[in-house]
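[1] Just need the structure, nothing else, for what follows:
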Amino acid sequence: MKFWRKSVKPVALTLGLGMFLLANQPVWAKVVDRVVATVNGVIITLSTVQERAALLKQQLQASGQPLELDEKKFILQTLDSIIEEKLQIQEAKRAGLEVEEAAVKAALNEILSKNNITLEQMEEMLLLEGRSMEQYKNHIRDQILTSKVMQFHMGKAGNVSEKQIKKYYFEHQKDYWQDKKPFVRHILFIVEEGSPAEVKASKKEQAVQVLGEIRSGADFKELAKKHSEDVSASSGGEVGWLTKGHLVPEFEAVAFRLKSGETSDIVESRYGFHIIKADKVSSGKTEPLENVKEKIRQTLAFEGRQKKYKDWMDGLKKDSMIQITLFEDESPKDSLEPSNSQEEPWEEASNVENKRVVKDQGLNQKNFQVMERKLAFIKKLRRNKKISEKEYHVRKQKLLNQL
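    Here you go, the predicted structure:
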């Protein structure tokens, strides 16, 4: 590795379903959990939205993406994604789609393997969070079910014809233009950061002498092998074909101006002094269709799936009873602050949804307020250690079953 090249930050990989278990849950502040939306009578709680938002932020950070987010907009987008999941699960059940236990077990084993933990260790982790393995399996089942119904409804949305590819290519040729690229060699005289002025002067003098030999007709490769202090010295200073944005700016600025066979003057960078030679320079050209065909196919397939998904979701939302109370009669700040509870983030998608279909689709605000007061009371009992964590979850489940 050439140390004068720009460093590249590694991209962290997420572990899919396993991230729901292993993501660090936030330490919640003083906010009472409450119902923030219903989807055809199935409730979504504030804690579920908060935990999902925290997880999404972690995934963004892990991927190196900037977190310049409008908090209210981000939390609403998170809620919308949960609503869409509910609709997909409901649609899957209406279509009679099922998930076999073997598929759930296989997915669970994959999660254990990726995270290098045993089933017993996972059960302990879930227990500490006040969750059960059955709840986690139900979460996995719902994720698989969502995937199934997506495939069922999306059909051939990702299919792309050769005609579509060609049309896209000719309409976007400017996107496939390749600037000229030089194939370069260099000779480097290293100057360590903080070196005395006399050391720097000595290195520059060496560079001047070598450049003089090159100008007099000496072989650049041989001089690179003899004098260069870069790891490329053994190959005659070979750097190879350059692409903009990969080298230190001072080096690039000169290298891309050189003509074929031309040698630069002395170039100073933070690593020392360089002498650069362009062995050859490729002319600018449009990349051939064959080279970019697969990339175009993927782009068009993605756009096709996105459009069909949006149309499908818009239809489901239009035909559903969806009530959102998030941010109603409350400040956005209060809604976005995490609470001090550890709620079941998969409960609504599994136990509650599987066991209960609310007959009265017209759940009103009064129902929500009564439920919130009761949830607040049992939460207070838990916080004051009047009841155990287990008892809290039992009482909470009973409340939810009353809806």
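
[2] Now do the contacts for Lys180.
    Phe256, Val281, Ser282, Ser283, Gly284 (C-beta atoms under 8 Å, 6 or more residues apart in numbering). Yep, even glycine has a C-beta here, placed from its N, CA and C like the rest.

[3] and the gap between the residue nearest to the last one when sequence neighbours are not counted and Thr243?
    Residue nearest to Gly284 in three dimensions, not counting chain neighbours: Lys180, with 4.7 Å by C-beta to C-beta, 6 or more residues apart in numbering. When distance is defined by C-beta to C-beta, to the nearest Å, Lys180 is 11 Å away from Thr243.

[4] Please apply the same query to Ile43.
    52 Å.

[5] Could you do Ser283 as well?
    Taking C-beta to C-beta, one finds Ser283 at 15 Å from Thr243.

[6] now Lys379
    Distance, Lys379 to Thr243, using C-beta to C-beta: 57 Å.

[7] Which residue of the two possesses the greater neighbour count?
    Using other C-beta atoms under 10 Å as the criterion, Lys379 and Thr243 rank with Lys379 on top: 20 against 11.

[8] Asp33 is in contact with that one, correct?
    Yes: if you go by C-beta atoms under 8 Å, Lys379 and Asp33 touch, sitting 6.8 Å apart.

[9] Would you mind pulling the contact partners of stretch 76-85?
    36-37, 39, 44, 48-49, 52-53, 56, 142, 146, 313, 316-317, 322, 324, 326-327, 349.

[10] Of the residues you listed, keep whichever come out buried.
    36-37, 39, 44, 48-49, 52-53, 56, 142, 146, 313, 316, 322, 326-327, 349 (16 or more other C-beta atoms under 10 Å).

[11] follow-up on the earlier one: quick one, which of the contacts of Lys180 are buried?
    Phe256, Val281.

[12] And the contacts of Lys180, which two are furthest apart?
    Farthest pair in these (C-beta to C-beta) is Phe256 and Ser283. Separation: 13.2 Å.

[13] circling back: can you redo the contacts of Lys180 as a markdown table with secondary structure and distance to Leu126?
    A markdown table is the format used below for those (DSSP: H, G, I helix; E, B strand; the rest coil; distance: C-beta to C-beta, whole Å):
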| residue | secondary structure | distance to Leu126 |
| --- | --- | --- |
| Phe256 | coil | 56 |
| Val281 | strand | 61 |
| Ser282 | strand | 57 |
| Ser283 | coil | 61 |
| Gly284 | coil | 58 |
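
[14] Tell me the one of the contacts of Lys180 nearest Thr263?
    Val281 (13.1 Å).

[15] I'd say that closest one and Ser260 touch.
    Yes: judged on C-beta under 8 Å, Val281 makes contact with Ser260 at a distance of 4.6 Å.

[16] Look up which residues are beta-bridged to the residue nearest to Glu229 when sequence neighbours are not counted.
    Nearest non-adjacent residue to Glu229, counting by C-beta to C-beta, 6+ apart: Ile190, 4.6 Å away. With DSSP bridges as the criterion, Ile190 is bridged to Gly272.

[17] Need the pLDDT of Ile190.
    We note a pLDDT of 95 for Ile190 in this prediction.
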